[in-house]
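predicted model, plus sequence, below.
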Amino acid sequence: AKAVASVVDTARVVAATLTGVPSRTLAHQAFDLAVVDEAAQALEAAAWGALLRARRAVLVGDHRQLPPTIACRAAAAGGLETTLFERAHALLGGGGAGEAEPTPPAVAMLTCQYRMHKSICGWASGEQYGGKLVPDASVAAHTLADLLNERGDAAGAERMASEEAFGPLLFIDTVGCDCDEAAGGSGGGADASIKNEREGAAAWAHAVRLVGAGLAPADIGLISPYAAQVALLRDLRAGAAAAEPARGWEGLEVSTVDGFQGREKEAVIISAVRSNPAHTVGFLADDRRMNVAVTRGRRHVALVGDSETLGGGDPFLKRLVAWFEEWGAYDSADGVLQG
């Protein structure tokens with residue numbers, strides 16, 4: 001115990017999880033500064049456990065992405081889902097999404113990002129960050145064709161550059177393609193147990209198209225907000241892996257949007273799932289979830305969905321579809337499935 005205390009006492013920086021701060025090792029330690037990373041996903045009670053140990057504090061995070069996962073709906077409705085980061089941001093005058101007022105000294109925004117092509121970044125910047133988020137010159141115009149050129153695949157690069165479907169943005173429309181949503185299994189409540197088999201097949205067909213043009217499966221992320229759809233897509237991946245064991249299909253990551261937060265891939269395919277006459281979109285209307293989904297892609301984002309359901313069910317999603325149609329390429333699910 002003395003040896004551990006000596007190490008901690010002489011360290012200039014101590015790294016710990018929020019749940020590790022109250023441990024016996026750190027029980028009597030005080031710090032000059034507490035920095036809480038990913039604070040926008042931390043429960044307020046957990047954040048205070050670290051902040052009360054220091055004279056000064058810095059909260060780092062993005063409250064325009066997903067909040068903490070709260071299993072108890074009553075607790076979330078009671079305010080547990082609202083983080084200390086979000087409250088402090090509002091209290092200190094940080095403003096909300098779409099507001100471009102000057103940032104006060106107590107709130108600093110990192111405005112240069114190093115992941116996304118400018119077409120991908122432009123949507124997120126306008127919808128979520130008041131137009132302030134800009135891409136660094138090193139990523140602003142990078143494409144899948146550039147990536148294959150860097151890897152020495154001249155033929156693949158030429159194909160990527162010549163076909164619009166491999167550009168930074170692609171909308172694959174399922175309208176009129178018999179891509180109806182259906183009840184799935186369990187997995188997070190009624191809204192989460194929805195799947196769309198034909199849309200899933202179209203999303204997977206586009207992944208196959210990307211690999212056929214030269215992209216590695218490990219460069220691709222296939223994501224959906226719905227757990228039942230993710231299960232369906234994983235079955236498609238398993239079938240491909242069994243048919244072509246040497247192709248590396250296992251490296252293609254399939255996940256929920258929530259599970260993919262903090263991740264990135266060169267190409268991301270989003271299966272939106274919802275397609276119904278009532279234009280019901282469920283939790284797709286959560287702008288933070290779609291912000292996470294779209295901003296996972298570095299060089300290419302393909303959105304697969306029903307333009308009538310998405311465009312008719314929510315103004316935010318209508319603007320998202322309009323952005324893809326204006327700044328990207330357009331394809332139909334039938335066209336993708338027919339190859």
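Received, thanks.

helices along the stretch 201-339 of the chain, start to end?
Using DSSP state H, counting those that start in this stretch, the helices assigned to the stretch 201-339 of the chain run over residues 227-243, 257-260, 287-294, 307-313, 315-327, 333-337.

out of the ones you listed, which comes closest to residue 221?
Closest of the helices of the stretch 201-339 of the chain to residue 221 is helix 257-260, at 6.3 Å (criterion: CB to CB). Any C-beta I mention is one placed from the backbone N, CA and C, and that applies to glycine too.

pull out the buried residues from the closest one.
By neighbour count on 16 or more other CB atoms under 10 Å, the buried set for helix 257-260 is 257-258, 260.

which elements pack onto it?
Taking 3 or more CB pairs under 8 Å, 6 or more residues apart in numbering; DSSP states H and E as contact, the helices and strands that helix 257-260 lies on are strand 220-224, helix 287-294.

can I get that helix in CSV? Just the C-alpha atoms.
Taking Å, rounded to 0.1, in the frame of the first residue of the first chain, the C-alpha atoms of helix 257-260 are listed here in CSV:
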residue,chain,number,x,y,z
VAL,A,257,-25.1,3.2,-34.4
ASP,A,258,-24.8,3.5,-30.6
GLY,A,259,-22.1,0.8,-30.5
PHE,A,260,-20.1,2.6,-33.2
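
residue 121: what's it in contact with?
Remark: with contacts taken as CB atoms under 8 Å, 6 or more residues apart in numbering, residue 121 is in contact with 113, 133-135, 140, 295.

could I get these as CSV with distance to residue 151 and neighbour count?
Formatted as CSV, the contacts of residue 121 follow (distance: CB to CB, whole Å; neighbours: other CB atoms under 10 Å):
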residue, distance to residue 151, neighbour count
113, 24, 18
133, 29, 20
134, 27, 15
135, 22, 21
140, 20, 14
295, 24, 25
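
in the stretch 51-200 of the chain, which spans are strands?
Shown for the stretch 51-200 of the chain, the strands assigned by DSSP state E, counting those that start in this stretch span residues 54-59, 112-113, 134-135, 169-173, 182-183, 194-195.

what's the most buried one of these?
The densest packing among these, expressed as mean neighbour count by mean count of other CB atoms under 10 Å, is seen in strand 169-173 with a mean of 25.

now do it against helix 315-327, angle only.
110 degrees (axes from the mean of the first three to the mean of the last three CA atoms, to 10 degrees).

strand 169-173: how far from the chain's middle?
Computed by CA atoms, centre = their mean, to the nearest Å, the separation of strand 169-173 from the middle of its chain amounts to 17 Å.

which residues touch residue 111?
129, 132-134.

that's all I had, so thanks and see you.
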